[in-house]
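Enquirer: Turn this into a model:
(2 chains)
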There are 2 protein chains.
Amino acid sequence: MIEISLVRHVKVAGAPALYGSTDVMPSIEENKLLLTNLTAFQQQGNAYDLVITSPLKRCRIVAKLFAEQNKTPLQCIDTLQEINFGDFDGIPFDDASFSIGTALGAKHWAMLERFWQSPATATLPQAESLADFNLRIVSAWSELIESCYKQSDGVDRPKRILLLAHGGVIRIILAQILQLDWQNPVLHQSLQIANASVSQITVTRPFEKSDLNHYQVNFIGLPVVNTP
Amino acid sequence: MIEISLVRHVKVAGAPALYGSTDVMPSIEENKLLLTNLTAFQQQGNAYDLVITSPLKRCRIVAKLFAEQNKTPLQCIDTLQEINFGDFDGIPFDDASFSIGTALGAKHWAMLERFWQSPATATLPQAESLADFNLRIVSAWSELIESCYKQSDGVDRPKRILLLAHGGVIRIILAQILQLDWQNPVLHQSLQIANASVSQITVTRPFEKSDLNHYQVNFIGLPVVNTP
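Expert: Down below sits the predicted model:
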């Protein structure tokens, strides 16, 4: 059996923007709180056997601190990083290119609106498509589970994994497990994965690629840090 | 704006069985804990304006206690009760009719297995079909939201509702909001709604029947009572 806690990073220390591939810093204060509260959360069960993180700082910094503090092995998986929002990635919404009342600003806001209404078809300029992103995350997730399952063989208690990742990544993993339609915009618009929240998954039976019923989603978006 | 906390009842005080329409008692001890913890949960935000409950005792008892204690209006909605499992409803699995090694027992377990694998098509004997159940809950939910929206008109803070209901009911409501396929067995098999857990929904814009994007699912299955 494998238990996986999918933790979304804390809020970022940057101006409001689409942050995907941009390696923005997390809030230092909230990261401290997250570290403390993840330790408390861990103590409700067995210790984590492995910490896995996206390579981006908003996940990696707290993952590394947690791993060091708890003497837990740490693994960074590059393919678990957030979707790449292309030309708009990391550009603050108060930048001139989003200026309301200009032709360029109006054009860019219309692109964002189309993307929001239909993320599967309205790919932003130079961005990763939702289809590519979905494929990347589903592949990384399958490899991860297969590898963990092999390692857990013969171990008589659940293997526990802490995974630090992004909102989009966690949503795609949940969609894969629950067989939800990743192309449905409502999934992306309405299922909140809050900053510093945990979603918990249990893999209860041997890994078989064709059979997803061995997965249980225990809860989604449990707040670990109560931000005011 | 409306905020709704969907709370599943505590574990029941009955032998292992399918409990749908059967009006089984809840665990008294756990109900006490749920009452205490719901009060603590309420204090993280504004007080609830309304408590709504399924008519069944495992929901209604704690809903009534909470409403009395907090002087909150209480409304019982009959159509929010759990799916009716027909001839098998409330029959303990250690009853003679499920006895392994008998022809009758084998037949009944095979029916349960078919229902588990395909709840939308393999209706149990004399049971409510999943399609009828889905329609009943979706209708009750729409009426409830419409009625709450009318009442919240002109109120300058969110209307907060505490809804005591069942695992199947909460899953159907979430499926409706997130536009998930209620016929997909994986949804019913893999999305756990634990006893004594809260799932939180926010309705952020005026009610329009054709547009579900006004809903946000804040979290799913947050444990309110940590049962050992």
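Enquirer: For the rest of this, base every contact and every neighbour count on C-alpha atoms.
Expert: Fine.
Enquirer: quick one, phi psi at the residue lying closest to A:Q216 once chain neighbours are set aside?
Expert: Once flanking residues are discounted, A:Q216 sits nearest to B:S190: 4.5 Å by Cα to Cα, 6 or more residues apart in numbering or on different chains. The phi/psi pair for B:S190 (degrees, to the nearest 10) reads phi -110, psi -20.
Enquirer: Just to check, B:S190 is in contact with A:V217?
Expert: Yes: look at B:S190 against A:V217 with Cα atoms under 8 Å: they come within range, at 5.8 Å.
Enquirer: anything in contact with each of these two?
Expert: Common neighbours of B:S190 and A:V217 (criterion: Cα atoms under 8 Å, 6 or more residues apart in numbering or on different chains): A:I177.
Enquirer: Where does the residue lying closest to A:L74 once chain neighbours are set aside sit: helix, strand or coil?
Expert: Nearest residue to A:L74, sequence neighbours excluded (Cα to Cα, 6+ apart): A:V51, at 4.8 Å. Recorded secondary structure, A:V51: strand (DSSP: H, G, I helix; E, B strand; the rest coil).
Enquirer: Quick one: residues contacting A:V51.
Expert: A:A63, A:A67, A:T72, A:P73, A:L74, A:Q75, A:I161, A:L162, A:L163, A:L164.
Enquirer: Point out the residues in chain A that sit beside chain B.
Expert: Proximity of chain A to chain B (Cα under 8 Å from any Cα of the partner chain) is limited to residues A:177-181, A:186-187, A:189-194, A:212-222.
Enquirer: Of these, which belong to strands?
Expert: A:Y215, A:Q216, A:V217, A:N218, A:F219, A:I220, A:G221, A:L222 (DSSP state E).
Enquirer: Okay, strands next: where are they in chain A?
Expert: With strands called from DSSP E, chain A shows them at A:2-8, A:50-53, A:74-76, A:159-165, A:197-203, A:215-223.
Enquirer: the inter-axis angle of the helix or strand of chain A with the lowest mean pLDDT versus strand A:197-203?
Expert: The helix or strand of chain A with the lowest confidence, counting by mean pLDDT, DSSP states H and E, is helix A:130-152 at a mean of 91. Relative orientation of helix A:130-152 versus strand A:197-203 (axes from the mean of the first three to the mean of the last three Cα atoms, to 10 degrees): 60 degrees.
Enquirer: Could you export helix A:130-152 as PDB, CA atoms only?
Expert: This file holds the C-alpha atoms of helix A:130-152, laid out as PDB (Å, rounded to 0.1, in the frame of the first residue of the first chain):
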ATOM      1  CA  LEU A 130      -3.200  21.400 -21.800                       C
ATOM      2  CA  ALA A 131      -3.000  18.100 -23.700                       C
ATOM      3  CA  ASP A 132       0.800  18.100 -23.500                       C
ATOM      4  CA  PHE A 133       0.700  19.100 -19.800                       C
ATOM      5  CA  ASN A 134      -1.900  16.400 -19.000                       C
ATOM      6  CA  LEU A 135       0.300  13.800 -20.800                       C
ATOM      7  CA  ARG A 136       3.400  14.900 -19.000                       C
ATOM      8  CA  ILE A 137       1.900  14.700 -15.600                       C
ATOM      9  CA  VAL A 138       0.000  11.500 -16.200                       C
ATOM     10  CA  SER A 139       3.300   9.900 -17.400                       C
ATOM     11  CA  ALA A 140       5.300  11.200 -14.500                       C
ATOM     12  CA  TRP A 141       2.600  10.100 -12.000                       C
ATOM     13  CA  SER A 142       2.400   6.500 -13.500                       C
ATOM     14  CA  GLU A 143       6.200   6.200 -13.400                       C
ATOM     15  CA  LEU A 144       6.300   7.400  -9.800                       C
ATOM     16  CA  ILE A 145       3.600   5.000  -8.600                       C
ATOM     17  CA  GLU A 146       5.200   2.100 -10.400                       C
ATOM     18  CA  SER A 147       8.600   2.900  -8.900                       C
ATOM     19  CA  CYS A 148       7.200   3.300  -5.400                       C
ATOM     20  CA  TYR A 149       5.200   0.100  -5.700                       C
ATOM     21  CA  LYS A 150       8.300  -1.900  -6.600                       C
ATOM     22  CA  GLN A 151      10.100  -0.300  -3.600                       C
ATOM     23  CA  SER A 152       7.300  -1.100  -1.200                       C
END
